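Student: here are the coordinates; sequence isn't available:
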């Protein structure tokens, strides 16, 4: 049973808020209950994480698994946070905060705290869970959870100062944190899609299970009025790592997040993934299993974009491979990378879940990250319900127990990359049977058609074709040519070639277009081809 001193009831919440310097309206008629005050600053949160890393991991105290298991997908969908109770529903700032309920798929309680301001002299009070914050059926298993159980996550709603007929904040949100260290935001097309994580530990690492540390505490800084920016802090904890995070998030056309984090390792990590993005790629026009689904394409992202430290722009189309694969792209002080959805044509998806509007996620280091690799993990999937793509930065130096990291980076949730190449960009990759029409098709040969579009190709003199520059880790090329796509669109070209290769091991390929003087006209296309995988029809 919760003791009286552990939280403040609605009757005393007003006085507590006044002492904190927060307007009473911030608790929406004082319906949120607050715990006792404690000192808070980002520096003390970092020190807390550092101290925790010196001790063995202590798993969170579990709630009744029997009750949580009853709150399945259907039951969870019937539980709705009452927006009248939202944090900051009446200010300060523009963006109220609502909370997710615990359930079968989100069983670890997350503690939410509200601050009285910013700086080293801030005070924090925990927002104490009560089922009264939620609308739920009378027979919901959630009624069996005790007061103070905790929340699963939270989300920032759209601005309460916006035109409510166009974007009602009670029904629309723009960023959500839910499950382990996962979070996601909408882009400028008002659609959720891929997710980010605080950290990724040993993803697809042979002989080691992947670890999913949790954001265990969040601290909400009261936002300023007439500002598009909100700030929150998070404490990360897991068997191998602890960490402190500061998120400064701005809602404009899309969402931009500045992240400042201090991380401390309890154990060795083989694959230490910084700024990871997690997405779904089932199939596209590149490769599709015959009659697997009625839709032409199904994916949240269709490629990995990289801007290297030397200034090269790379596009790597995604695969749904026959087996789990890890690709590494070495660099020094990378300028940025991200998973993107370049195909924005609704007719290419034909689906009401709006795959054509899914945002891209671009990672921009704000300080030099030194040597390392962008690593792309691709996992086989036979359905769109599974996230099977991970992209992340992995430092070259070994992530050993006792190591610490201080990182600052920016996440851009947008429909396009924030720093696109001025060169022609890759639009599509298509595969088919090799050889020539009207002749027997040779075995072990695949034809590739790679499309590019951009200003440098528009400026080619009439009758001049760009030169394709090709490379493959094995195999031989033939029937190599470039041609304008016959659609009347200026600057829209494609490179065509056949690849002959024996065996079933993957083939890495590289292609870009240049002019007669050797000057690049396009970004660099990379691709990993899996020869003759019988489950795919090319």
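Tutor: Right, received. Where do you want to start? Predicted model only: the values in this text are computed from it and were never measured. Numbering: from 1, shown residues only.
Student: which stretches of the protein form helices?
Tutor: Counting by DSSP state H, the chain has helices at residues 10-20, 42-53, 65-70, 73-77, 455-458.
Student: Mean neighbour count added to these, as a markdown table?
Tutor: Every C-beta, even on glycine, is put in place using the N, C-alpha and C of the backbone. Formatted as a markdown table, those follow (neighbours: other CB atoms under 10 Å):
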| stretch | mean neighbour count |
| --- | --- |
| helix 10-20 | 16 |
| helix 42-53 | 17 |
| helix 65-70 | 15 |
| helix 73-77 | 13 |
| helix 455-458 | 16 |
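Student: Out of the ones you listed, which gets nearest to residue 277?
Tutor: Taking CB to CB, helix 42-53 is the member of the helices of the chain nearest to residue 277, at 23.2 Å.
Student: how many other residues sit next to residue 54?
Tutor: 10 (other CB atoms under 10 Å).
Student: list the contacts for it?
Tutor: For residue 54, the contact set (CB atoms under 8 Å, 6 or more residues apart in numbering) is empty.
Student: Reformat the helices of the chain as JSON lines; add mean pLDDT and distance to residue 389.
Tutor: As requested, those are exported to JSON lines (pLDDT from 0 to 100; distance: least, CB to CB, whole Å):
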{"stretch": "helix 10-20", "mean pLDDT": "48", "distance to residue 389": "43"}
{"stretch": "helix 42-53", "mean pLDDT": "98", "distance to residue 389": "29"}
{"stretch": "helix 65-70", "mean pLDDT": "95", "distance to residue 389": "29"}
{"stretch": "helix 73-77", "mean pLDDT": "95", "distance to residue 389": "23"}
{"stretch": "helix 455-458", "mean pLDDT": "97", "distance to residue 389": "29"}
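Student: which stretch among those comes nearest residue 279?
Tutor: Using CB to CB, the helices of the chain put helix 73-77 closest to residue 279, at 21.5 Å.
Student: Show me the contact partners of that closest one.
Tutor: With CB under 8 Å, 6+ apart as the criterion, helix 73-77 contacts 101, 103-105, 140-142.
Student: Report the two of the residues you listed separated the most.
Tutor: 105 and 140 (15.8 Å).
Student: So for stretch 331-340, what gets flagged as buried?
Tutor: Neighbour-count burial for stretch 331-340, counted by 16 or more other CB atoms under 10 Å, picks out 331, 334-340.
Student: burial measure for residue 496, as a count.
Tutor: A total of 15 residues lie near residue 496 under the criterion other CB under 10 Å.
Student: ah, wrong one, I meant residue 396
Tutor: 12.
Student: Now do the contacts for it.
Tutor: Per CB under 8 Å, 6+ apart, neighbours of residue 396: 370-373.
Student: do you know how far residue 73 is from residue 242?
Tutor: The spacing between residue 73 and residue 242, counted by CB to CB, to the nearest Å, is 32 Å.
Student: returning to that earlier point: which one of the buried residues of stretch 331-340 is nearest to residue 475?
Tutor: Closest to residue 475, out of all of the buried residues of stretch 331-340 and judged by CB to CB, is residue 331, at 25.9 Å.
Student: close enough to count as contact, the closest one and residue 373?
Tutor: Yes: Residue 331 lies in contact with residue 373 (CB atoms under 8 Å); the separation is 7.0 Å.
Student: quick one: which of the helices of the chain is nearest residue 196?
Tutor: Nearest to residue 196, of the helices of the chain and by CB to CB, is helix 42-53 at 19.4 Å.
Student: contact partners of the closest one?
Tutor: Contacts for helix 42-53 (CB under 8 Å, 6+ apart): 120, 219, 233, 235-237, 241-244, 246, 260, 262-266, 404.
Student: how about 7 Å then?
Tutor: Helix 42-53 has contacts (CB atoms under 7 Å, 6 or more residues apart in numbering) with 120, 233, 235, 237, 242-244, 246, 262, 264-266.
Student: With stretch 191-203 instead?
Tutor: Taking CB under 7 Å, 6+ apart as the rule, stretch 191-203 contacts 181-184, 186, 208, 210-211, 213, 215, 236, 240-241, 243, 245, 263, 269-273, 276-279, 300-301, 339, 341, 354, 357-359, 361, 377, 390, 392, 411.
Student: Among the residues you listed, which are located in strands?
Tutor: Among those, the members found in strands (DSSP state E) are 182-184, 215, 236, 241, 243, 245, 263, 272-273, 276-279, 339, 361, 377, 390, 392, 411.
Student: what about residue 406, neighbour count?
Tutor: Per other CB under 10 Å, the neighbour tally for residue 406 reads 10.
Student: ugh, wrong one, I meant residue 168
Tutor: 14.
Student: Ends of stretch 313-323, what's the gap?
Tutor: 27 Å (CA to CA, to the nearest Å).
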